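K.L.:
predicted model follows, preceded by the sequence.
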Amino acid sequence: MPKTLIAALLATALAAPALAAPPKVDPALHAEALGILKKSVSYRTVQGGDQFVPYAEYLKGVLTAAGYKPEEITIEPMAGTAFLIARYPGTDPKKKPIVISGHMDVVEADPKDWTRDPFTAVEENGYVFGRGSVDNKFDVSMMVATLAKLRKSGWKPGRDVVLALSGDEETTMKTTAVLAQRLKGAEMVLNIDGGGGSLNEDGTPVSFGVQGAEKTYADFHLTVTDPGGHSSRPTPTNAIYRLAKAIDKLEAYQWPTMSNEISRGALAAAAKNTAGPVGQALAKFAADPTDKAAIATIRADYTWSPALHTTCVATMLSGGHAPNALPQKAEATVNCRIFPGTSSASVEKTLAEVVADPTVKVTRLDDGSIDSPASPLRPDVMAAVTKAVHARFPGLAIVPSQASGATDSMYFRAAGVPSYGVSGLFMKDSDEFSHGLNERAPVSAIDGDLAHYDSILRDLAK
């Protein structure tokens, strides 16, 4: 990370944020965006469902009503889902396009478990309740409303602005892989399903995260087989015992400490709000990632330790077939979150080396994830985000972030396109129910999100 950029990030982290006047958004635009969000929730875009094409067609209708030409919007069904590409033409064909990435699919929700029907949007007590009201239909709705407004206004970007909505981000990411290959010539990706702002419970802002990297998700199976036999005649090759020994070795293994400009910047900012020895260690590590004392302190704290390395942990276990028989098979699932820059193949090799038992078979599962590098913290992206956020919250810390989960960005980064999570949604921890029961989005966040995207697009799509 350039020293000037580190200094700027630390300066914003140290500054005391002030509440800005609410962004000025046309009430008609607010109402349109709210309407798009409510309508979006009503489409049951879950794995195996049949609402993906209807939902995409609805969004296409919003955009064509605003002036998009029908041929500028493509909807393609694929593997039980669909994806959408909407191209807003720029004035300079020599400039590479900007891709806006989001997803139409949502996690399944059982109506009997919810207080309200998860696929009927309910506006109540200042929130819109419904599955996907946050993840990811809030930002999809705000972006579609923003693009529609810009098209109606006659705004002409310098470069193409391409809205790319996947249909299986929550599952296999097959549509994401196709989108990344088709759009791999882009200048950058702005991911509206990553990053975002956090609020204290009193509504005051804490910080805004720009997601520039994410760990690779990978599942592995450790499998041990044996002829088995009668339980009255134990053998030294018991499959469960061999698997247990392998898991013990894995638990004891310490993955190498790693860092990049994203993780160091994030830890430097976090240090300002973390008291005691851990906060001091975060700051020292950000300044010098070889500081052994700082590494030891951070690794001893389970909250912060994963930021420094790959993690692999046993999450599922099975074995045996009868209580009076020696086990013929024992199996464990190991979930890894791999630090950017480390290949999943090398992690598989390390697991086998740590286990150090050729009778324990280590295999990678088909989890839909691929390796992806961290994206460089581009000054133009950071400047545009800072301008948009500070219009609402002057002086608020703009913090680079590295996610432990997975988003569509991984496929774009793997294709060589830098990707940045820039969601304009600010949330309290107490309002976060994504993937859970009674998911809800604050109506008060709409105007800020609309202004956020308008500002960023105008600055980066020149």
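P.N.:
Nice, I can see it.

K.L.:
any chance you could map the helices in this protein?
P.N.:
Secondary structure of the chain (DSSP state H): helices at 3-14, 27-41, 52-65, 137-153, 174-182, 239-252, 261-271, 276-287, 292-299, 344-355, 379-392, 409-414, 446-460.

K.L.:
contacts for the shortest one?
P.N.:
To tie it back to what came earlier, the one meant is helix 409-414. The set of residues that contact helix 409-414 without belonging to it, under C-beta atoms under 8 Å, 6 or more residues apart in numbering, is 99, 101, 173, 176-177, 179-180, 183-184, 186, 189, 191, 194, 211, 214, 216, 369-375, 419-421. Glycine gets a C-beta too; all of them are placed from N, C-alpha and C.

K.L.:
so for this protein, the centremost residue is which one?
P.N.:
When the chain is reduced to its mean C-alpha position, the closest residue under C-alpha atoms, centre = their mean turns out to be T407, at 4.0 Å.

K.L.:
hang on, the earlier thing: mind checking which of the contacts of helix 409-414 land in strands?
P.N.:
Using DSSP state E, V99, S101, V189, N191, Q211, E214, T216, S419, Y420, G421 are the members of the contacts of helix 409-414 that sit in strands.

K.L.:
quick one: which of the residues you listed is most hemmed in?
P.N.:
Neighbour counts for those were taken using other C-beta atoms under 10 Å; the highest belongs to S101, which has 32 neighbours.

K.L.:
can you list the low-confidence ranges for the stretch 1-150 of the chain?
P.N.:
1-22 (pLDDT under 70).

K.L.:
where does the stretch 351-462 of the chain have low pLDDT?
P.N.:
Low-confidence segments of the stretch 351-462 of the chain (pLDDT under 70): none present.

K.L.:
the same query, at a cut-off of 80, please.
P.N.:
Along the stretch 351-462 of the chain, the parts satisfying pLDDT under 80 run over 367-368, 405.

K.L.:
re earlier: to R159, which of the helices of the chain lies closest?
P.N.:
Taking C-beta to C-beta, helix 446-460 is the member of the helices of the chain nearest to R159, at 8.6 Å.

K.L.:
next, the angle helix 379-392 makes with that closest one.
P.N.:
Orientation check (axes from the mean of the first three to the mean of the last three C-alpha atoms, to 10 degrees): helix 446-460 against helix 379-392 gives 150 degrees.

K.L.:
heads up, I number from 35, so please use that
P.N.:
In the new numbering, first residue 35, that becomes helix 480-494.

K.L.:
quick one: distance of helix 480-494 to the chain centre.
P.N.:
Mean-position distance between helix 480-494 and its chain equals 20 Å (C-alpha atoms, centre = their mean, to the nearest Å).

K.L.:
got the buried residues for that helix?
P.N.:
When neighbours are counted by 16 or more other C-beta atoms under 10 Å, the buried residues of helix 480-494 are found to be 480-491, 494.

K.L.:
restricting to C-alpha, output that helix in PDB.
P.N.:
What follows is helix 480-494 as a C-alpha-only set of coordinates in PDB (Å, rounded to 0.1, in the frame of the first residue of the first chain):
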ATOM      1  CA  ILE A 480     -32.500   4.400   1.200                       C
ATOM      2  CA  ASP A 481     -31.700   8.000   0.600                       C
ATOM      3  CA  GLY A 482     -28.100   7.600   1.700                       C
ATOM      4  CA  ASP A 483     -27.600   4.600  -0.600                       C
ATOM      5  CA  LEU A 484     -29.100   6.300  -3.600                       C
ATOM      6  CA  ALA A 485     -26.800   9.400  -3.100                       C
ATOM      7  CA  HIS A 486     -23.800   7.100  -2.500                       C
ATOM      8  CA  TYR A 487     -24.200   5.300  -5.800                       C
ATOM      9  CA  ASP A 488     -24.900   8.400  -7.800                       C
ATOM     10  CA  SER A 489     -21.700  10.100  -6.500                       C
ATOM     11  CA  ILE A 490     -19.500   7.000  -7.100                       C
ATOM     12  CA  LEU A 491     -20.800   6.300 -10.600                       C
ATOM     13  CA  ARG A 492     -20.400  10.000 -11.600                       C
ATOM     14  CA  ASP A 493     -16.800  10.000 -10.400                       C
ATOM     15  CA  LEU A 494     -15.600   6.600 -11.600                       C
END
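
K.L.:
quick one: list the elements packing against that helix.
P.N.:
helix 61-75, helix 171-187, strand 222-225, helix 413-426 (3 or more C-beta pairs under 8 Å, 6 or more residues apart in numbering; DSSP states H and E).

K.L.:
let's see 10 Å
P.N.:
Helices and strands touching helix 480-494, as assessed by 3 or more C-beta pairs under 10 Å, 6 or more residues apart in numbering; DSSP states H and E, comprise helix 61-75, strand 132-137, helix 171-187, strand 222-225, strand 230-233, helix 413-426, strand 460-462.

K.L.:
tell me the buried residues in the third one?
P.N.:
Of the residues in helix 171-187, those scored as buried under the neighbour-count criterion (16+ other C-beta under 10 Å) are 171-185.

K.L.:
helix 61-75 and that one, what's the angle between them?
P.N.:
140 degrees.

K.L.:
ok now helix 171-187, how far from the chain's centre?
P.N.:
If you compare the mean C-alpha spot of helix 171-187 with that of the full chain, they lie 21 Å apart, counting by C-alpha atoms, centre = their mean.

K.L.:
farthest-separated two in the ones in strands among the contacts of helix 443-448?
P.N.:
Distances among the ones in strands among the contacts of helix 443-448 were taken as C-beta to C-beta; the most separated pair is V133 and T250, at 20.8 Å.

K.L.:
around T420, how many other residues sit close by?
P.N.:
Using other C-beta under 10 Å as the criterion, T420 is surrounded by 17 other residues.

K.L.:
excluding residues flanking it in the chain, which one is nearest it?
P.N.:
Counting by C-beta to C-beta, 6 or more residues apart in numbering, T420 lies nearest to I432, which is 5.0 Å off, once chain neighbours are set aside.

K.L.:
for that neighbour, the count of nearby residues, please.
P.N.:
For I432, the number of neighbouring residues by other C-beta under 10 Å comes to 25.
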